[in-house]
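# Show me the folded form of this:
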Amino acid sequence: MIVTQSCPRCRGTLTRVRDIGETYHSCVQCGHVVYGALPTVSALPQIERSDRPTAADRSEIRRRQIRRAKQALAQRQAA
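Residues are numbered from 1 along each chain as shown. Now for the predicted structure:
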């Protein structure tokens, strides 16, 4: 069984592991192990989300920098 966004440490994906004599859940991303019952959704820490859009990768950041530099250059030339 796979439970998404359930790791108490990193909000990663937990998978059920059946070992000899016991069953536990292990996080795929950070390796955290949860023995016994899974924590409820309300017990998980809430991650604050920013209203500002974030860049997906470095290429997007670079494109924004180039666009802003071109806009600044155009404003300087117009003045």
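
# can we go C-alpha only for contacts and neighbour counts from here?
OK.

# Quick check: which ranges of the protein have low pLDDT?
1, 39-56 (pLDDT under 70).

# Going by residue numbers, what spans are strands in it?
2-3, 14-19, 22-27, 33-35 (DSSP state E).

# Count the residues that sit near the residue lying closest to residue 30 once chain neighbours are set aside.
Nearest residue to residue 30, sequence neighbours excluded (Cα to Cα, 6 or more residues apart in numbering): residue 10, at 7.0 Å. By other Cα atoms under 10 Å, the residues close to residue 10 number 16.

# picking that back up, let me know which of the strands of the chain is the nearest to residue 72.
Smallest distance to residue 72 across the strands of the chain (Cα to Cα): 46.6 Å, for strand 22-27.

# got the buried residues for that closest one?
Across strand 22-27, burial judged by 16 or more other Cα atoms under 10 Å covers 24, 25, 26, 27.

# Could you do stretch 7-23 as well?
7, 8, 10, 11, 12, 13, 14, 15.

# likewise stretch 29-39?
32, 33, 34.

# Residues in contact with that stretch: which ones?
Residues from elsewhere that reach stretch 29-39, judged by Cα atoms under 8 Å, 6 or more residues apart in numbering: 6, 7, 8, 9, 10, 12, 13, 23, 24, 25, 26, 27.
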